[in-house]
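Engineer: From the sequence below, what's the structure:
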Amino acid sequence: MTKIIVIIPAFNEEQSIANVVNDIPKNIVDTIIVVNNNSTDNTAKVATHAGANVLLESKMGYGYACLKGMEYIAQQNLHPDIIVFLDGDYSDYPEQIPLVVAPILNDNIDLVIGSRNNSQRAKNSMTPQQVFGNWLATSLMKLFFKANFTDLGPFRAIKYQKLLELNMTDKTYGWTVEMQLKAVKSNFNYTEVPVKYRERIGVSKVSGTIKGTIFAGIKILSWIFKYSLK
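Structural biologist: Okay, the predicted model is just below:
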């Protein structure tokens with residue numbers, strides 16, 4: 001049986017994290033890891049009560065949280081086949097995990113991105129700067145690398161061994177684009193599936209602030225230009 005582990009980075013998501021964990025289809029997911037990224041609220045307590053394995057990563061950053069989840073998997077010798085990444089704000093639909101992992105299971109795809117660039121995306125679920133940033137980043141990736149992506153969405157699935165091969169390093173906002181760029185450069189098979197997307201619970205720590213938006217944009221573009229020079 002295919003072993004699937006879900007990693008959910010979470011910072012101050014006490015209002016949403018139980019919904020995320022509860023909506024994950026337990027019949028196909030073996031382990032749910034919530035990485036509490038130095039939250040100041042009850043995120044860890046709520047996630048634990050919902051049944052997740054909760055880790056603490058005190059260094060702030062999306063990439064730090066994802067790397068902590070991967071470190072735990074390696075230390076515990078869990079040997080998953082597939083890793084799914086989800087956000088903790090309930091903007092993704094965890095019940096769509098079977099849809100996102102299906103290309104890996106059925107077509108031997110290495111990486112699957114849940115694309116929000118479709119009619120299923122709820123109005124106002126993404127800010128104008130998010131929509132523009134995604135368009136710009138994916139357009140540049142197509143121009144420089146002939147990559148066929150429409151989104152840098154956080155909801156994604158990847159074969160565990162392929163994830164290890166990528167040697168992920170980004171600690172903050174560049175995690176998603178690093179994964180996609182390295183997958184393209186490594187000639188991995190990849191695809192996108194359209195997924196539903198709703199307004200998040202609470203305020204985004206990235207697109208919800210001017211500082212977060214600017215730093216995310218700089219980090220994403222720096223990864224693209226860095227790889228275009230290689």
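
Engineer: All the helices of the chain, residue numbers only.
Structural biologist: Along the chain, counting by DSSP state H, helices occupy 17-23, 43-50, 62-75, 97-107, 128-145, 160-166, 175-185, 210-228.

Engineer: Tell me how many other residues surround the spatially closest residue to Lys182 that is not a sequence neighbour.
Structural biologist: In space, and not counting its chain neighbours, Lys182 is closest to Leu166: 4.5 Å by Cβ to Cβ, 6 or more residues apart in numbering. For the C-beta atoms, the positions are set from N, CA and C on the backbone; glycine is no exception. Per other Cβ atoms under 10 Å, the neighbour tally for Leu166 reads 19.

Engineer: cool, Ser16 as well?
Structural biologist: Neighbours of Ser16 under the rule other Cβ under 10 Å: 20.

Engineer: Quick one: residues contacting it.
Structural biologist: By Cβ atoms under 8 Å, 6 or more residues apart in numbering, the residues touching Ser16 are 88-90, 200-202.

Engineer: thinking again about what came up before, so for Val84, which of the helices of the chain sits nearest?
Structural biologist: Closest to Val84 of the helices of the chain is helix 97-107 (Cβ to Cβ; 5.8 Å).

Engineer: Who are the packing partners of the closest one?
Structural biologist: With contacts taken as 3 or more Cβ pairs under 8 Å, 6 or more residues apart in numbering; DSSP states H and E, helix 97-107 sits against strand 4-10, strand 82-85, strand 111-115, strand 156-159, strand 190-194.

Engineer: can I assume Lys142 is in contact with Asn148?
Structural biologist: Yes: in this structure Lys142 lies within contact range of Asn148 using Cβ atoms under 8 Å: 6.9 Å.

Engineer: any idea how far the nearest residue to Lys196 once chain neighbours are set aside lies from Ala65?
Structural biologist: Spatial nearest neighbour of Lys196, chain neighbours left out: Gln120 (4.3 Å); criterion: Cβ to Cβ, 6+ apart. According to Cβ to Cβ, to the nearest Å, Gln120 stands 26 Å off from Ala65.

Engineer: Pick out whichever of these two has more residues nearby.
Structural biologist: Neighbour count, other Cβ under 10 Å: between Gln120 and Ala65, Ala65 has more, with 29 against 15.

Engineer: List the contacts of the more buried one.
Structural biologist: Taking Cβ under 8 Å, 6+ apart as the criterion, Ala65 is in contact with 9-11, 35, 37, 57.

Engineer: in the sheet, who's paired with the nearest residue to it once chain neighbours are set aside?
Structural biologist: Nearest non-adjacent residue to Ala65, counting by Cβ to Cβ, 6+ apart: Pro9, 3.4 Å away. Pro9 has these beta-bridge partners by DSSP bridges: Val35.

Engineer: Tell me the pLDDT of the residue sitting nearest the centre point of the chain.
Structural biologist: Nearest to the mean C-alpha position of the chain, counting by Cα atoms, centre = their mean, stands Pro154 at 3.0 Å. At Pro154, the pLDDT value in this model is 94.

Engineer: Please tell me how far it sits from Asn27.
Structural biologist: Note on Pro154: its distance to Asn27, by Cβ to Cβ, is 23 Å.

Engineer: Could you do Tyr197 as well?
Structural biologist: Applying Cβ to Cβ, the value for Tyr197 to Asn27 is 24 Å.
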